[in-house]
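*Asks:* heads up, no residue letters with this:
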């Protein structure tokens, strides 16, 4: 399927069957606003084998406002049961985004932000939100709502994932090993607090990444409502470096925030070269159900193209992460990445050998990860389009309380 003019409902279907007409299937189109279904209607489609067919769907009129995005989803279902496949089984589903979508339109939250500097810490509060940024190591050391901590440990740079079987196939665990702990303790060169402005107070951290001496900049914009916009930038131009596995940040949150609600690709795990079957929508799960137990422990449970993700307790209270001007990606589990990483060689381990930590939930909030590859498992990298070969990466996300 391919969009021709999605605003007019025009879509092209290619029938790859040798003998079967498209009219052998039942079809339905659906219109989603911010992941919520608003219209669903059946449609008749026909098209001869090995031909392309253009259709025009009768979409309702609507306007797209700031903070909104619409997707058209077209599905095909089996009409007649076979010995292996029942009638009504979904065989095709494709999402089409509208060009005028503006989910990430900028906003300017309001509130009475108070900022004080106490020794080597910058403290802030707005309403029931309070936090603290260390001016020594440049980390968000405290963030709470009504006295309850929303973060168990501060976000820190992260460039590594537990190697997959395919990663071991092209020896990525050796060639890129320098990235394994490179983000844990960056060499802080400067922490600057800028004057309070209309949007809030910004703290800019200038650092070098360990072992590689690569410039890394991290900024926190504490906004008027107490939310924190985090921006990370790395510039590797002119510096020899192996390919990193990811660009993002890792942190931990309180263990009671076990309920996950996110708007992005799902419901199953997905990666940038494995996500077309994971359609954009609103999904709910528990942290324990996000992962996938591969025979050998490795990277797992990722979600891509995520607009927002919230981790909450039974009452609906917790912490929320939002992509600022583009989607983010995330992992969440009861073990840090290191528990799934056997090191430089494969170990004879299985998921039962990984004991969950019961003192918190480990979260990665990323721009992206390497693709998982798989053209073969004994030497080939992921396809070039899904690798991390750029010299400059940057992204932004917002941390705020999640309140039902």
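*Replies:* Yep, that arrived. Fair warning: this is a prediction, and the values are worked out from it, not measured in the lab.
*Asks:* so in terms of bridging, what pairs with residue 71?
*Replies:* Beta-bridge pairing of residue 71 under DSSP bridges involves residue 32, residue 97.
*Asks:* next, count neighbours for it.
*Replies:* 20 (other CB atoms under 10 Å). (C-beta placed from N, C-alpha, C; glycine too.)
*Asks:* now for it: which residues touch it?
*Replies:* Residues near residue 71 by CB atoms under 8 Å, 6 or more residues apart in numbering: 31, 32, 95, 96, 97, 98, 280.
*Asks:* then residue 153?
*Replies:* Counting by CB under 8 Å, 6+ apart, residue 153 touches 251, 252, 360.
*Asks:* got it, and residue 99?
*Replies:* Taking CB under 8 Å, 6+ apart, one finds 6, 7 in contact with residue 99.
*Asks:* and residue 142, how far is that from residue 218?
*Replies:* Computed as CB to CB, to the nearest Å, the residue 142 to residue 218 distance reads 17 Å.
*Asks:* those two: who's more crowded?
*Replies:* Set side by side, residue 142 and residue 218 show more neighbours around residue 218, with 24 against 17, by other CB under 10 Å.
*Asks:* partner strands of the helix or strand hosting the more buried one and their direction?
*Replies:* Residue 218 belongs to strand 214-223 when elements are defined using DSSP states H and E. Sheet pairing of strand 214-223 (DSSP bridges) gives strand 200-209 (antiparallel), strand 228-235 (antiparallel).
*Asks:* got the ones you listed as JSON lines, with mean pLDDT and distance to residue 284 columns?
*Replies:* Output for those, formatted as JSON lines (pLDDT from 0 to 100; distance: least, CB to CB, whole Å):
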{"stretch": "strand 200-209", "mean pLDDT": "97", "distance to residue 284": "31"}
{"stretch": "strand 228-235", "mean pLDDT": "98", "distance to residue 284": "25"}
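*Asks:* for residue 345, which of the ones you listed is the nearest?
*Replies:* Smallest distance to residue 345 across those (CB to CB): 25.4 Å, for strand 200-209.
*Asks:* from residue 402, how far out is the spatially most central residue of the chain?
*Replies:* Note on the chain: the residue nearest the mean C-alpha position is residue 329, at 1.2 Å, using CA atoms, centre = their mean. Distance from residue 329 to residue 402, counting by CB to CB: 19 Å.
*Asks:* same question for residue 327.
*Replies:* On the measure of CB to CB, residue 327 and residue 402 end up 18 Å apart.
*Asks:* try residue 363
*Replies:* With CB to CB as the criterion, residue 363 and residue 402 are 13 Å apart.
*Asks:* and for the two, which residues touch both?
*Replies:* residue 311.
*Asks:* and the two? which has more neighbours close in?
*Replies:* residue 363 (25 against 21).
*Asks:* setting aside sequence neighbours, what's the nearest residue to the more buried one?
*Replies:* residue 332 (4.9 Å; CB to CB, 6 or more residues apart in numbering).
*Asks:* how does the protein divide into domains?
*Replies:* By the assignment in automatic domain parsing, the chain contains the domains 2-97, 114-402.
*Asks:* tell me the most buried of the ones you listed?
*Replies:* Highest mean neighbour count of these: domain 114-402, a mean of 18 (counted as mean count of other CB atoms under 10 Å).
*Asks:* can you give me how far that domain is from the chain middle?
*Replies:* Relative to the centre of its chain, domain 114-402 is centred 9 Å away, using CA atoms, centre = their mean, to the nearest Å.
*Asks:* just checking, residue 400 touches residue 322?
*Replies:* Yes - with contact defined as CB atoms under 8 Å, residue 400 reaches residue 322; the gap is 7.2 Å.
*Asks:* if anything else comes up later, I'll come back, but that's it for now.
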